[in-house]
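Chemist: 3D, please:
(one chain, ligands or ions: 1)
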Amino acid sequence: MSTGRPVVDPDEQPGSWGDNPIWRIYRTYGRGSSGYALSGAAFTVVGRLFGLVPALVIGVTVDAIFLAERPYRLPFVPESVVPTAPADQLLFSIGVLVTATLLGALASWGENWGWSVFAQRVQRDLRVDAYDRLQRLDLAYFSGRRTGDLMSVLNNDVNALESFLENALGATLWIVATIAGIGVILVGLNLPLTAVTLLPVPLLAAFTLLFTRVIEPRYLSIREEIGDLNSRLENNVGGIEVIKTEGAEAYERDRVAESSTEYLRATLAAVRIRITYFPGLSVISGLGFAVTFLVGGLWVLGRPPLGLTGTLSPGEFVTFVIYAQQFVWPIVRLGNIVDSYERAKAAAGRVRDVMARDPAVDDAPDAEPLVVADGAVVFDGVSFAYGDEPVIRDVSFAVDGGETVGVVGPTGAGKSTLLKLLPRLYDPDEGAVRVDGTDVREVTTRSLRRSIGYVSQEPFLFFGSVRDNVAYGTFDASDEAVEEAARRAHAHEFVERLPDGYDTLVGERGVKLSGGQRQRLALARTMLKDPAILVLDEATSAVDTETEAIIRARLDEFAAERTTFVIAHRLSTVRDADRVLVLDDGRVVEDGTHEDLLAADGLYADFWRVQTGDIASLPPAFLERALARQSEVALGDADED
Ligand SMILES: Nc1ncnc2c1ncn2[C@@H]1O[C@H](COP(=O)(O)OP(=O)(O)OP(=O)(O)O)[C@@H](O)[C@H]1O
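Modeler: Numbers count the residues shown, from 1 in each chain. Take a look at the predicted model:
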């Protein structure tokens, strides 16, 4: 199946990502945009060469025009074009300076354009791919993680990488070009003095290495703290209603303050190191500059130190001093690059963690699309646990195509979990789930999920119109089909009364609708999808009994044509089912029609008595069993905390 993924190197399997995630990301996502990077690089070098011209021209001007120590000569400039009169030579120098400045400015434009487009494209491809991989991960991954943390990977971390790619690669080249260009010119002018000028470079490299070692863990903890803070903010905005109804504003303010303080602390720990590093660089390069000044100055005065011989003209000295000064900037920039590299590495590591994870539920390499003929469903010796404690224990049953099966049982018995195994939201630890005799793990998840309509108790609506939400998943549905599905789900009646009908915006997560209205839109969505197998997980629990009766009458028609599972607490919802499975503590304890189960006088019959108000005739053991069960559920919950 095509993932629509951009430029991925086939050798670049995420699991094989090495120690340097930035390099891997660059290789995987940068190749398709390397033309922009190359033009950025070319302009960087050209711009740098133009930047070196002024110091050279000034030195030559001093020696040739002001001191008349040597003839006016510039590299790459034929003698024939240089004027002979000193005043003309001065004008010529100024002309060269202005031209170099203008061309340098043009090159800088090209440099920034190339690198920016490159970085932005990498950022886009990386974000889309990271999102795509994230959404393919199994539900267990998401339940174990906080939304804000994942958002921070997709936003902050991807942005940190972009900023590194946009600035740092160009800057690195800029430094290399500067040092190489200056080095070549200086060596041509005076080799021994060049050695003196370059003296601080190894010292700076050692200092920088030390810095990276110390700062790395601190940047990592900053990225983690940002994730924490985002999670808290995201969670609070999502739960704003509870915060208000519980009057918990002060409590939440303190918790946000706590996370912000942790973030502040982590940031300051890194800032302390960073602000020591930069002045440290300046001191080393400043001292180096002073040494060059001292050695060169004495040399011009005719007293070269350190056993040096030969002469140094004042103009050459000026060129040296200016270039030595120009070393300071690349080196300060080097600091920035190293700093931004360390940040980007921490960010890339987090992006890689998401990308390198294999989904627990994935298509088998030879998976074929599922074609449902009959719609028969078999659970064969199925067991499943979210953690250590099994939630589904050795469940086996077979359902014929077209049957309607009620699934009931006490809260926490595992009803929802059992049916989430059917569309492979999770895979069983033992046993197999089969549709028309084929194990669901052998077919593509896309075809499987297209064949199964799953309506949950708390359906999610996306920000958008009623129409968009009903057509979600069946994106090419016509307006008529959307309306027809809404009629079948008994939603059309209320949608028509909304201010803009099917164009009404439902608000984020559907907050502008009631719980029952949201459920009806979710039902309509599933009816439009027209799946071969239907799972209704408390799908009508939020509507009143009268509305439920209307929906059921319409649903019966829909359900008659397909295999249907109905999870319900209200037993009236399932009494007409072909068959009812009673689940208790992860096991099917009863299986039969409503009448069979009443006659069996077991758990189902007890539930029925509770719901029909016949509590007096409940066996005394029922309440004891119920209490014991509930405390087990409570204990189970506490264990998970
Ligand atoms: N994502 C999850 N991660 C860990 N445990 C879970 C998860 N979802 C459910 N559980 C646990 O699995 C058990 C069964 O839950 P499930 O939702 O399947 O029960 P249920 O019978 O549908 O309950 P209810 O009738 O209350 O909806 C419960 O103990 C629950 O705490």
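
Chemist: contacts, neighbours, all on C-alpha from now
Modeler: Noted.

Chemist: you'd agree Phe211 is up against Ile275?
Modeler: No - contact criterion C-alpha atoms under 8 Å: Phe211 and Ile275 do not qualify, at 10.8 Å.

Chemist: more neighbours: the two, which one.
Modeler: Between Phe211 and Ile275, counting by other C-alpha atoms under 10 Å, Phe211 is the more crowded of the two (20 against 10).

Chemist: the helix or strand harbouring the more buried one packs against which elements?
Modeler: Using DSSP states H and E, Phe211 sits in helix 200-238. Packing partners of helix 200-238 (3 or more C-alpha pairs under 8 Å, 6 or more residues apart in numbering; DSSP states H and E): helix 147-152, helix 249-300, helix 314-355.

Chemist: for the stretch 301-450 of the chain, just list every one of the helices.
Modeler: Using DSSP state H, counting those that start in this stretch, the helices of the stretch 301-450 of the chain run over residues 314-355, 415-420, 445-451.

Chemist: was I right about Trp82 contacting Gln89?
Modeler: No, residue 82 isn't Trp; it's Val. Yes - counting by C-alpha under 8 Å, Val82 touches Gln89, with 6.9 Å between them.

Chemist: so what's the residue nearest to the spatial centre of the chain up against?
Modeler: By C-alpha atoms, centre = their mean, the chain has its centre lying nearest to Leu154, at 2.5 Å. Counting by C-alpha atoms under 8 Å, 6 or more residues apart in numbering, Leu154 makes contact with 127, 130-131, 351.

Chemist: quick one: closest of the helices of the stretch 301-450 of the chain to the ligand.
Modeler: With distances scored as C-alpha to the nearest ligand atom, the stretch of the helices of the stretch 301-450 of the chain nearest to the ligand is helix 415-420 (3.6 Å).

Chemist: just the mean pLDDT for the closest one, thanks.
Modeler: With pLDDT averaged residue by residue, helix 415-420 scores 93.

Chemist: what's in contact with it?
Modeler: By C-alpha under 8 Å, 6+ apart, the residues outside helix 415-420 that reach it are 391-392, 407-409, 426, 535, 537, 567, 583, 586.

Chemist: mind redoing it with 6 Å?
Modeler: Outside helix 415-420, not one residue touches it by C-alpha atoms under 6 Å, 6 or more residues apart in numbering.

Chemist: is any part of it close to the ligand?
Modeler: Yes - applying C-alpha under 6 Å from any ligand atom, one finds helix 415-420 touching the ligand at 415-417.

Chemist: and for whichever residue of the stretch 451-600 of the chain sits closest to the ligand, the neighbour number?
Modeler: Evaluated by C-alpha to the nearest ligand atom, the stretch 451-600 of the chain has His569 as its residue closest to the ligand, separated by 6.9 Å. His569: 18 surrounding residues under other C-alpha under 10 Å.

Chemist: just the one 10 residues further on next, same as before
Modeler: For Arg579, the count of nearby residues is 22 (other C-alpha under 10 Å).

Chemist: same check, this time on Lys512
Modeler: Using other C-alpha under 10 Å, Lys512 has 13 neighbouring residues.

Chemist: doesn't it belong to a strand?
Modeler: No - going by DSSP: H, G, I helix; E, B strand; the rest coil, the assignment for Lys512 is coil, not a strand.

Chemist: which parts of the stretch 101-250 of the chain sit against the ligand?
Modeler: Ser143.

Chemist: again, only this time at 8 Å
Modeler: Residues of the stretch 101-250 of the chain lying close to the ligand (C-alpha under 8 Å from any ligand atom) are 139-140, 143-144.
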